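Asks: Sequence plus predicted model, see below.
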Amino acid sequence: GAGVSQSPSNKVTEKGKDVELRCDPISGHTALYWYRQSLGQGLEFLIYFQGNSAPDKSGLPSDRFSAERTGGSVSTLTIQRTQQEDSAVYLCASGGREETQYFGPGTRLLVL
Amino acid sequence: QKEVEQNSGPLSVPEGAIASLNCTYSDRGSQSFFWYRQYSGKSPELIMFIYSNGDKEDGRFTAQLNKASQYVSLLIRDSQPSDSATYLCAVSNQAGTALIFGKGTTLSVSS
């Protein structure tokens, strides 16, 4: 079956602009997670969705970051007023049984 | 601060040997443990998960968990050059809402 898809695969933006990143999880998976991976850093948790609600937003680094999920499926991560330190690979994971998480290909964000 | 520690490597093994990757974690409340493989420029791929103390085998891979020692390991038997990648250890937080990742161990298998 289809895996997790993310778009765009690459995004280059100017400092101060807003960006939207999209994730389409595996069909039927109710759990969805966002992480980011910076060069030389580990994977950093951002937010967890169960259905359309986000019971754990503890990883969002600032109020410039927000995410939503509609229809229990597609999720959008929005970064407002991007900064250079936001440059990273943003990874979405779809939650299967027993807390397993399956990652999408990621969106590589570069803020100039 | 909940942490997951791994040796960064590189760990170099010859083809056909056993590769042993280790991980320690700080949160005693963690219940679920995962190993991901990440090739350069690609996203992490789930290869093993384990929840109970002891060993779990899947093909050439064996995961080992010791909750008393807060230690997880991954053994790769008959290592192949295609196993060359970064291996990430991940541990669930107590609430089960997120994975905490180590920074990964780079494995290099030489033919």
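Replies: Looks like it arrived, so ask away.

Asks: SS state for B:Asp27?
Replies: coil (DSSP: H, G, I helix; E, B strand; the rest coil).

Asks: What is the burial count for it?
Replies: 16 (other Cβ atoms under 10 Å in any protein chain shown). From N, CA and C alone the C-beta is placed, and that goes for glycine too.

Asks: next one: the one 4 residues further on
Replies: Using other Cβ under 10 Å, B:Gln31 is surrounded by 14 other residues.

Asks: And A:Gly28, by the same measure?
Replies: As a burial measure, A:Gly28 scores 10 neighbours (other Cβ under 10 Å).

Asks: any idea which element it lies in?
Replies: Assigned by DSSP states H and E, A:Gly28 belongs to no helix or strand.

Asks: what's it sitting at in phi/psi?
Replies: phi 90, psi -10 (degrees, to the nearest 10).

Asks: what does B:Lys2 give?
Replies: phi -80, psi 130.

Asks: Quick check: it touching B:Ser26?
Replies: Yes - in this structure, B:Lys2 is within contact of B:Ser26 by Cβ atoms under 8 Å, at 5.6 Å.

Asks: the helices in chain A, which residues?
Replies: Under the criterion DSSP state H, chain A contains no helices.

Asks: What parts of it come near chain B?
Replies: A:33, A:35, A:41-45, A:48, A:55-56, A:58-59, A:89, A:91, A:98-106 (Cβ under 8 Å from any Cβ of the partner chain).

Asks: Could you rerun that using 6 Å?
Replies: Proximity of chain A to chain B (Cβ under 6 Å from any Cβ of the partner chain) is limited to residues A:Gly42, A:Leu43, A:Phe45, A:Tyr48, A:Asp56, A:Leu91, A:Glu99, A:Thr100, A:Phe103, A:Pro105, A:Gly106.

Asks: residues near A:Val19, how many?
Replies: 18.

Asks: pLDDT score for it?
Replies: Note on A:Val19: pLDDT of 98.

Asks: Now for the residues of chain A next to chain B: which two are most distant?
Replies: A:Asp56 and A:Pro105 (23.5 Å; Cβ to Cβ).

Asks: Nearest to the spatial middle of chain A, which residue is it?
Replies: What sits nearest the mean C-alpha location of chain A, by Cα atoms, centre = their mean, is A:Trp34, with 3.6 Å.

Asks: Next, the contact list for B:Ile76, please.
Replies: B:Ala19, B:Arg60, B:Phe61, B:Asp83 (Cβ atoms under 6 Å, 6 or more residues apart in numbering or on different chains).
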